[in-house]
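S.K.: Predicted coordinates and the sequence they were generated for:
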Amino acid sequence: MKVLSVASEIYPLIKTGGLADVAGALPLALAAYGIHTRTLIPGYPAVMKAIGDKAEKVITLYDLFGEQANVLEARHDGLDLLILDAPALFNRFGNPYNAPHGEGYSDNWRRFGALSKAAADIAASAIPGWEPDLVHAHDWQAALTPVYMRFAPTPEKPSILTIHNIAFQGNFDTGIFPWLGLPDHALAVDGVEYYGKVSFLKGGLQTAWAVTTVSPTYAREIQTPQYGMGLEGLISARAHTVHGIVNGIDTDVWDPATDDTIVSRYSAHKPKGRVENRQAVGETFGLDNDDSPIFSVVSRLTWQKGMDILAAVVGDLVAMGGKLVVLGSGEPGLEEAFRNAARYYPGRVGTIIGYDEKLSHMVQAGADAILVPSRFEPCGLTQLYALRYGCIPVVARTGGLADTVIDANPAALAVNAATGVQFSPVEPWSLSHAIRRTINLYDDKKTWLAMQKQGMKSDVSWKASAGLYADLYKQLDLMVSKP
Ligand SMILES: Nc1ncnc2c1ncn2[C@@H]1O[C@H](COP(=O)(O)OP(=O)(O)O[C@H]2O[C@H](CO)[C@@H](O)[C@H](O)[C@H]2O)[C@@H](O)[C@H]1O
């Protein structure tokens, strides 16, 4: 089966968050199920540079939102890529979505509308000799793909839209509508219209044959007003086509037994190697060299991630004897709060503001625990990396965090099933309580080691979840009437 995946970022070429990891890892895992995926991504400078002269032009789109664009093909790290080379839209350095001062580009509707339109053209066999059986679009940036497919004159192919984060919807003024090249009747409740706006995500949710999100709990949560961000009615109405499939991780990239970005390699059988990594993390973040537990954060520093809640309890964490390392970037106020915490608690708190993939591996390999106090979390990948690296996840009981971490309650501890600590509600007092519980567990060395080993044994690979996607692809394919 041939699948066209459409995404605005993909690891290892361009990454701002978990979407890139999923877009990069799922095609590799699907290959084992007989699914051949080609992924359409924008030709940002980082992508063009990495591909170099490996790319070959396959088609030219002469009028893509008034621009001439080429679609190039290239293979990179086992991925079969289609690259939308449209310099007027994508030849911008830095973050793929935001201008240097941090605001979204004002023409993002045009940039990602073009990505979606190119994908729909490819679905309608624009590339000679390669026609996908199904299209899988990710997040709002690709969400107009099923809309274009629905309103195109060609027979519609099956489509899936995956929600990685419903908070980002791609809502724009209706003034853009005439430029999208959709028929007038697409600006309606069964098209892209959404409370007097044009919404890319809403349009995609309305028109995709199936909707998936990245954990079963989040699939239920987004059908409620608390988590649906206004789209709960539409998603509930389509509940029979909504699926929650938990993310996996690339267990080759994230393998403490072979990871050459960390100081010392180790495994569940030989966990001792963690000690040197722990030492290295302490030195990198300027921590006191003692046995007290190192808590960590590797995250966007945002409200979604509950980083304000963590900032409120740093004093408690230190008072309880813990240490904290923070690797992240995001909202300026939160960056400042963690910089200040490091100044205020020298030796106990270390902060590095920035995005550093290599250091994120070190933190997972050397910290004792990782804090993920998200207000909502569709799946979350950091806790999965943590499980694989023997770093105990301390997580809010929401979305994919609730689905992937087994809380160290007495029943789970008794049968050696616990892999982390969950807490709820997402409030400072409750996070403080979870930190207290974690320190108590850490002090009981035997229990701690058992939890680490249990976490490292958890199956966080893509194997099972890729199988669920493959089943869904096949079900949708069966719905197409074949001659
Ligand atoms: N400063 C830093 N330095 C280095 N690496 C950093 C970093 N800050 C973050 N990262 C990395 O970025 C990724 C973040 O992925 P998450 O899944 O945790 O959240 P994100 O909100 O981006 O993804 C959204 O999409 C994914 C994929 O579906 C869902 O899991 C998630 O719930 C949803 O919010 C991880 O690989 C993490 O290690």
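M.R.: On my side now, so go ahead.

S.K.: CA atoms only for stretch 166-174 - export them in CSV, please.
M.R.: Below are the C-alpha coordinates for stretch 166-174, written out as CSV (Å, rounded to 0.1, in the frame of the first residue of the first chain):
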residue,chain,number,x,y,z
ILE,A,166,-5.6,20.7,19.2
ALA,A,167,-4.4,24.1,20.6
PHE,A,168,-2.9,25.0,17.3
GLN,A,169,-5.8,25.3,14.8
GLY,A,170,-4.7,27.6,12.0
ASN,A,171,-7.6,30.0,12.3
PHE,A,172,-7.5,33.0,9.9
ASP,A,173,-9.7,35.8,8.8
THR,A,174,-12.2,34.9,6.1
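
S.K.: what about it, average pLDDT?
M.R.: The average pLDDT for stretch 166-174 rounds to 97.

S.K.: Would you mark the buried spots in it?
M.R.: Neighbour-count burial for stretch 166-174, counted by 16 or more other C-beta atoms under 10 Å, picks out 166, 167, 168, 169, 170, 171, 172. C-betas here are computed from N, CA, C, even on glycine.

S.K.: Not counting its own residues, what contacts it?
M.R.: Stretch 166-174 is touched from outside by 108-109, 112, 139-141, 143, 187, 193-194, 196-202, 213, 222, 227-231, 304, 376, 378, with contacts defined as C-beta atoms under 8 Å, 6 or more residues apart in numbering.

S.K.: Residue numbers of the chain in contact with the ligand?
M.R.: 17-19, 21-22, 164-165, 214, 247, 298-300, 327-329, 355-357, 360, 377-382, 400 (C-beta under 6 Å from any ligand atom).

S.K.: picking that back up, which single one of the buried residues of stretch 166-174 is nearest to residue 317?
M.R.: residue 167 (27.1 Å; C-beta to C-beta).

S.K.: Tell me how many other residues surround the closest residue to the ligand within the stretch 101-250 of the chain.
M.R.: Across the stretch 101-250 of the chain, the shortest distance to the ligand (C-beta to the nearest ligand atom) belongs to residue 164, at 3.6 Å. When counting by other C-beta atoms under 10 Å, one arrives at 24 neighbours for residue 164.

S.K.: any idea how far residue 189 is from residue 228?
M.R.: 17 Å (C-beta to C-beta, to the nearest Å).

S.K.: So which of the two has more stuff around it?
M.R.: residue 228 (16 against 10).

S.K.: which non-adjacent residue is nearest that one?
M.R.: Among residues not flanking residue 228 along the chain, residue 222 sits closest, at 4.9 Å (C-beta to C-beta, 6 or more residues apart in numbering).

S.K.: domains in this protein, as residue ranges please.
M.R.: 2-248+463-478, 271-457 (automatic domain parsing).

S.K.: wait, which of those domains is closest to residue 255?
M.R.: domain 271-457 (7.3 Å).

S.K.: Let me see the mean pLDDT of that closest one.
M.R.: Here domain 271-457 scores 97 as its mean pLDDT.

S.K.: surely residue 398 meets residue 374?
M.R.: Yes - counting by C-beta atoms under 8 Å, residue 374 is a contact partner of residue 398 at 6.4 Å.

S.K.: Mutual contacts of those two, please.
M.R.: By the contact definition C-beta under 8 Å, 6+ apart, residue 398 and residue 374 are jointly contacted by residue 426.

S.K.: what's the offset of stretch 169-185 from the middle of its chain?
M.R.: Stretch 169-185 sits 27 Å away from the centroid of its parent chain (C-alpha atoms, centre = their mean, to the nearest Å).

S.K.: Name the nearest residue to residue 214, sequence neighbours excluded.
M.R.: Closest to residue 214 by C-beta to C-beta, 6+ apart is residue 379, at 3.6 Å.

S.K.: In which helix or strand does the one you found reside?
M.R.: If you go by DSSP states H and E, residue 379 is not part of any helix or strand.

S.K.: Got phi/psi on it?
M.R.: Main-chain torsions, residue 379, degrees, to the nearest 10: phi -130, psi -60.

S.K.: could we number from 16 for the rest of this?
M.R.: Yes, from this point I'll number from 16; that puts the last item at residue 394.

S.K.: Touching, it and residue 33? I think so.
M.R.: Yes - between residue 394 and residue 33 there is a contact at 7.1 Å, judged by C-beta under 8 Å.

S.K.: which residues are common contacts for those two?
M.R.: Common neighbours of residue 394 and residue 33 are listed as 179, 262 (criterion: C-beta under 8 Å, 6+ apart).

S.K.: Now for residue 99: which residues touch it?
M.R.: Going by C-beta under 8 Å, 6+ apart, residue 99 touches 55, 56, 57, 58, 84, 86, 105, 129, 130, 133.

S.K.: Summarise which helices and strands the one helix or strand the first one maps to is packed against.
M.R.: This points to residue 55. Per DSSP H and E: residue 55 is located in strand 51-57. If contacts are counted by 3 or more C-beta pairs under 8 Å, 6 or more residues apart in numbering; DSSP states H and E, strand 51-57 sits against strand 17-21, helix 33-45, strand 94-100, helix 123-138.

S.K.: Run the chain-centre distance for the longest one.
M.R.: When distances are taken as C-alpha atoms, centre = their mean, helix 123-138 is centred 21 Å away from the chain's centroid.

S.K.: and if you look at stretch 19-30?
M.R.: Put simply, stretch 19-30 sits 11 Å off its chain's centre (C-alpha atoms, centre = their mean).

S.K.: mean confidence score for that stretch?
M.R.: The model assigns stretch 19-30 a mean pLDDT of 97.

S.K.: residues of that stretch that come out buried?
M.R.: With burial defined by 16+ other C-beta under 10 Å, the residues of stretch 19-30 counted as buried are 19, 20, 21, 22, 23, 24, 25, 26, 28, 29, 30.

S.K.: who does the first one bridge with?
M.R.: Per DSSP bridges, residues listed as beta-bridge partners of residue 19: residue 53, residue 150.

S.K.: what's the closest of the buried residues of stretch 19-30 to the ligand?
M.R.: Checking the buried residues of stretch 19-30 against the ligand with C-beta to the nearest ligand atom, the nearest one is residue 30 at 7.0 Å.

S.K.: now the helices for the stretch 66-215 of the chain?
M.R.: 102-105, 123-138, 154-157, 159-165, 215-222 (DSSP state H, counting those that start in this stretch).

S.K.: before we move on, back to that, mean confidence for the strand holding residue 55?
M.R.: For strand 51-57, mean pLDDT rounds to 98.

S.K.: tell me the angle of that strand relative to strand 94-100?
M.R.: Put simply, strand 51-57 runs at 30 degrees to strand 94-100, going by axes from the mean of the first three to the mean of the last three C-alpha atoms, to 10 degrees.

S.K.: Stretch 455-474: which residues count as buried?
M.R.: By neighbour count, with 16+ other C-beta under 10 Å as the criterion, the buried positions of stretch 455-474 are 456, 457, 462, 463, 465, 466, 467, 468, 469, 470, 471.

S.K.: scratch that, stretch 429-438 is what I was asking about
M.R.: Those would be 433, 434, 435, 436, 437, 438, for stretch 429-438 by 16+ other C-beta under 10 Å.

S.K.: Out of the domains of the chain, the one nearest residue 277 is which?
M.R.: Judged by C-beta to C-beta, the one of the domains of the chain that comes nearest to residue 277 is domain 286-472, at 4.3 Å.

S.K.: Start and end of the closest one, how far apart?
M.R.: End-to-end span of domain 286-472 (C-alpha to C-alpha, to the nearest Å): 12 Å.
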